[in-house]
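In: output the structure for:
(chains A and B)
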Amino acid sequence: MSHIALQDIAKSFGPVRVLDGCSVAVNKGTVMTLLGPSGCGKTTLLRTLAGFVEPDGGRVVVGGRDITDLPPNRRQVGYVFQSYALFPHLDVAANVAYGLRVRRVGQAETQARVRKALDLVSLSAFADRYPARLSGGQQQRVAIARALVLEPEVLLLDEPFNALDAKLRLSMQIELRKLIERVGITSIFVTHDQQEAMTLSDRVAVMRAGRIEQVGAPIDIYDRPRTAYVAAFIGRANVLPIDIRGGRVAIDPAIAAARADGAAWLVVRPENLAIENAGEGPGWHGTVAFATPQGATIEYEIAISLAEPLRVVALRKVGEPPAAVGSPVRVRAIDPAACVVLEEGPDGV
Amino acid sequence: MSSAPLLRRILHGRGIWPAVPALAYLFVFLALPMLTLLAFGFVTIDRGRIVADTWTLGYLKAALADDLVWRLMWRSFWVAAVSSVLTLLLAYPVAYLFAEAKGIWRTLILVAVVSPLLTSALVRAYAWIVILGGRRGLVNQTLLSLGLIEQPLRILNTDWAVLIGMTQIHLPFMILPLLAVLAERDRRLEEASLNLGASQTGTFFRVVVPMSVPAIFAGLALVFAVSYTNFIVPQLLGGGSYSTLAVQVYEQTIVVLDWTRGAVLATILLSTCFAFVLAIVAFGNRLARWNEAAA
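Out: Below you'll find the predicted structure:
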């Protein structure tokens, strides 16, 4: 049974429908990421789970208990704010001890638990510093220690890496993943960064305009996006209009399509496309519009008869010059089985 | 030396230089006249003229040896201290309400807070005479007609009237610094506190109040200073025989025309006021040491 279940959550702020029947289930001890662009409702969903937002409809169930109507201070839900929200008037140890003091835990036990929590995030040496004297990464670790010291049932993190610079971000992501695995706590992340979602989570829920578009393991979503929106949001993708004839894609019959004949859409990743010599044959015909050698790969834009150029990522061999701009080429899918045929294109076309 | 380098420093310089014109202005129009006035306490004045070569600490020593001066100072102090605390207790809910209010309500609260400053303190003190005074005063009339009391209460010409008047008149000085800080506080901190298990009340006293300590002490210092040196309210609401150090300065200078004594008392008033305000600010800074780390 799932440890966290958000069932059909709806919420409007005035005339704006922010959440439109969102359901997410998270298994015990796993990490789920809510992924979506800003304004898609992911933070509101997280805040609903913490009790900061009262949903208009739906239930919030944690550990089999319906907590929909519980006030935030009576939920066992750890929350790490995007800005960390450390109390500036308390030093690091007092920040971590806050929840224990509120619960009137004894002095000796409080000290022991605070020390343990600070050890966990390797900040014991900073116990008597004020938050303003800490770096962004250290502040984040204090915020996590402050939540974990209460041994909550679940840990929620709202864009925890947003405030960090790019260099620090990746190492903190890996650190946090290790920490969560060590503690074994069921966690939900919110992010708009698909790379972050891939690094951190067991499962990803892609959100769009107040709805969950697809839930699954990150790699599954990458390989089998259910909509063009998901395909474009997780990794890069070419979403192409195609015709289906006799269960095959007309332009490249190597690609099977278990659908009725007619118009459809094809999702093909740039690394699954190969440039071949121009000439008669299946595939997309066009000319090289742009070529950028990136070291290990070369990124091409191929102008075809569509508004958007085809994006192709080809492995680069040392000493090999990229295909000349303007030269006519034919593009084919390398692995036809890795292409995804969809009924609806971008924006529900 | 030409004045060009000085001008350049003032216009483009760093540190204290750009403040030089303002400092010069303050020196000529505030510090100098004040020092002149205070200096009258250390010379002998005979028929409106300073008698040369009579610099003396004698008048100050005499005043400090005078029991009455100490009694007046004590009253000035406790009236100012109590009214500062009362102001804080009344101002905090108003400022908090302002911070919670939205749109037009904020404007209305702000206007209500600031508009009394547009009338003179004298007028407001007189208004309190009408409200508190005698059998026909608003308070007594109401209480009498409700049958709550049989004899009119004696409020006017007591410490109570002085405290009430001071507190009301100086309320904006406390509300304004609190308004700014409470309205712009980070609400996420309160959510974090709730998330960590604190109640709304607990959050208020553990997070909201401590975070506003700098504003609280700014307000306290401000209100204390204006209350300690106010001579209108004690005179009008305390009655003819009611006196404080500030009242004495006024009476000696304007009524008795003993400028020497007035200047000596003013020196004592100013220096003690300065010391008390410094103490308040120092105590506030001690409580809000975290604020230095943030700055």
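In: okay, strands next: where are they in chain B?
Out: B:45-46, B:49-50 (DSSP state E).
In: next one: the stretch 51-200 of chain A
Out: In the stretch 51-200 of chain A, strands defined by DSSP state E, counting those that start in this stretch lie at A:57-62, A:65-66, A:77-80, A:154-158, A:186-191, listed in chain order.
In: in JSON lines, list those strands along with mean neighbour count, distance to chain B and mean pLDDT.
Out: Backbone N, C-alpha and C define where each C-beta goes, glycine included. Shown next, in JSON lines, are the strands of the stretch 51-200 of chain A (neighbours: other CB atoms under 10 Å in any protein chain shown; distance: least, CB to the nearest CB, whole Å; pLDDT from 0 to 100):
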{"stretch": "strand A:57-62", "mean neighbour count": "18", "distance to chain B": "14", "mean pLDDT": "95"}
{"stretch": "strand A:65-66", "mean neighbour count": "12", "distance to chain B": "17", "mean pLDDT": "94"}
{"stretch": "strand A:77-80", "mean neighbour count": "26", "distance to chain B": "5", "mean pLDDT": "96"}
{"stretch": "strand A:154-158", "mean neighbour count": "24", "distance to chain B": "9", "mean pLDDT": "96"}
{"stretch": "strand A:186-191", "mean neighbour count": "25", "distance to chain B": "14", "mean pLDDT": "95"}
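In: please name the residues that touch A:V183.
Out: By CB atoms under 8 Å, 6 or more residues apart in numbering or on different chains, A:V183 lies in contact with A:120, A:148.
In: how close does it sit to A:M32?
Out: Shown here: A:V183 relative to A:M32, a distance of 16 Å by CB to CB, to the nearest Å.
In: with B:Q200 instead?
Out: Taken as CB to CB, the span from B:Q200 to A:M32 is 30 Å.
In: cool, B:F77 as well?
Out: Between B:F77 and A:M32 the distance, using CB to CB, works out to 63 Å.
In: who's more crowded, these two?
Out: A:M32 (26 against 18; other CB atoms under 10 Å in any protein chain shown).
In: work out for me the element that one sits within.
Out: Taking DSSP states H and E as the definition, A:M32 sits inside strand A:31-35.
In: which other helices and strands contact that strand?
Out: When contacts are defined as 3 or more CB pairs under 8 Å, 6 or more residues apart in numbering or on different chains; DSSP states H and E, strand A:31-35 sits against strand A:16-27, helix A:42-50, strand A:186-191, helix A:194-200, strand A:203-208.
In: so what strands line up beside the first one?
Out: Right, the one you point to is strand A:16-27. Paired strands of strand A:16-27, with direction, are strand A:2-13 (antiparallel) (DSSP bridges).
In: mean confidence for the strand holding A:M32?
Out: Mean per-residue pLDDT for strand A:31-35: 96.
In: could you check the angle helix A:42-50 makes with that strand?
Out: On the basis of axes from the mean of the first three to the mean of the last three CA atoms, to 10 degrees, strand A:31-35 is oriented at 140 degrees to helix A:42-50.
In: in strand A:31-35, which residues are buried?
Out: A:31-35 (16 or more other CB atoms under 10 Å in any protein chain shown).
In: can you check stretch B:35-49 too?
Out: Neighbour-count burial for stretch B:35-49, counted by 16+ other CB under 10 Å, picks out B:37, B:40-44.
In: and the end-to-end length of that stretch?
Out: Taking CA to CA, to the nearest Å, stretch B:35-49 runs 17 Å from one end to the other.
In: stretch A:289-308 now?
Out: This stretch, stretch A:289-308, spans 11 Å end to end (CA to CA).
In: widest-spaced pair of the buried residues of strand A:31-35?
Out: Farthest pair in these (CB to CB) is A:V31 and A:L35. Separation: 12.3 Å.
In: so which of the buried residues of stretch B:35-49 reach chain A?
Out: Near chain A, taking CB under 8 Å from any CB of the partner chain as the test, no member of the buried residues of stretch B:35-49 is found.
In: between the residues you listed, which sits nearest chain A?
Out: Comparing those against chain A with CB to the nearest CB picks out B:L37 as the nearest, at 42.4 Å.
In: what's the local residue count around the closest residue to the closest one other than its chain neighbours?
Out: Distances taken as CB to CB, 6 or more residues apart in numbering or on different chains place B:A263 nearest to B:L37, at 6.1 Å, with adjacent residues excluded. As a burial measure, B:A263 scores 24 neighbours (other CB under 10 Å).
In: tell me the confidence at B:A263?
Out: Model confidence at B:A263, given as pLDDT, is 93.
In: that one contacts B:L35, doesn't it?
Out: No. B:A263 is not in contact with B:L35 according to CB atoms under 8 Å; the separation is 10.6 Å.
In: helices or strands up against the longest helix anywhere in chain B?
Out: Looking across chain B with DSSP state H, the single longest helix is helix B:67-100. Under the contact definition 3+ CB pairs under 8 Å, 6+ apart, helix B:67-100 sits against helix B:104-114, helix B:159-183, helix B:213-228, helix B:245-250, helix B:259-287.
In: tell me which residues of the longest one are tucked away?
Out: So the one you mean is helix B:259-287. B:259-270, B:273, B:276-277, B:280, B:284.
In: of the helices and strands packed on helix B:67-100, which is nearest B:L64?
Out: Comparing the helices and strands packed on helix B:67-100 by CB to CB, helix B:259-287 comes nearest, at 7.4 Å.
In: near chain B, which residues of the stretch 51-200 of chain A?
Out: Where the stretch 51-200 of chain A comes near chain B, counting by CB under 8 Å from any CB, the residues are A:51-52, A:71-75, A:77-79, A:81, A:83, A:85-91, A:98-99, A:102-103, A:129-130, A:132-133, A:146-147, A:150.
In: could you dump the strands of chain B to CSV with distance to chain A and mean pLDDT?
Out: Listed next are the strands of chain B as CSV, based on distance: least, CB to the nearest CB, whole Å; pLDDT from 0 to 100:
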stretch, distance to chain A, mean pLDDT
strand B:45-46, 53, 77
strand B:49-50, 54, 77
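In: how about the nearest residue to A:R146, chain neighbours excluded?
Out: Nearest to A:R146 is A:V96, by CB to CB, 6+ apart, at 4.9 Å.
In: ok, back up a step: weakest of the helices and strands packed on strand A:31-35 by average pLDDT?
Out: helix A:194-200 - the lowest mean pLDDT of the helices and strands packed on strand A:31-35, at a mean of 88.
In: other SSEs contacting that helix?
Out: Applying 3+ CB pairs under 8 Å, 6+ apart, one finds that helix A:194-200 contacts strand A:31-35, helix A:166-183, strand A:186-191, helix A:218-223.
In: name the residues of it that are buried.
Out: A:194, A:196-200.
In: show residues contacting it.
Out: The set of residues external to helix A:194-200 that reach it, using CB under 8 Å, 6+ apart, is A:31, A:33, A:35, A:161, A:169-170, A:173-174, A:176-177, A:189, A:191, A:204, A:218-219, A:222, A:233-235.
In: export it as CSV, just CAs?
Out: Taking Å, rounded to 0.1, in the frame of the first residue of the first chain, the C-alpha atoms of helix A:194-200 are listed here in CSV:
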residue,chain,number,x,y,z
GLN,A,194,14.2,17.4,-15.3
GLN,A,195,17.9,16.6,-14.7
GLU,A,196,17.3,17.1,-10.9
ALA,A,197,14.3,14.8,-11.1
MET,A,198,16.3,12.1,-12.8
THR,A,199,19.1,12.3,-10.3
LEU,A,200,16.9,12.3,-7.2
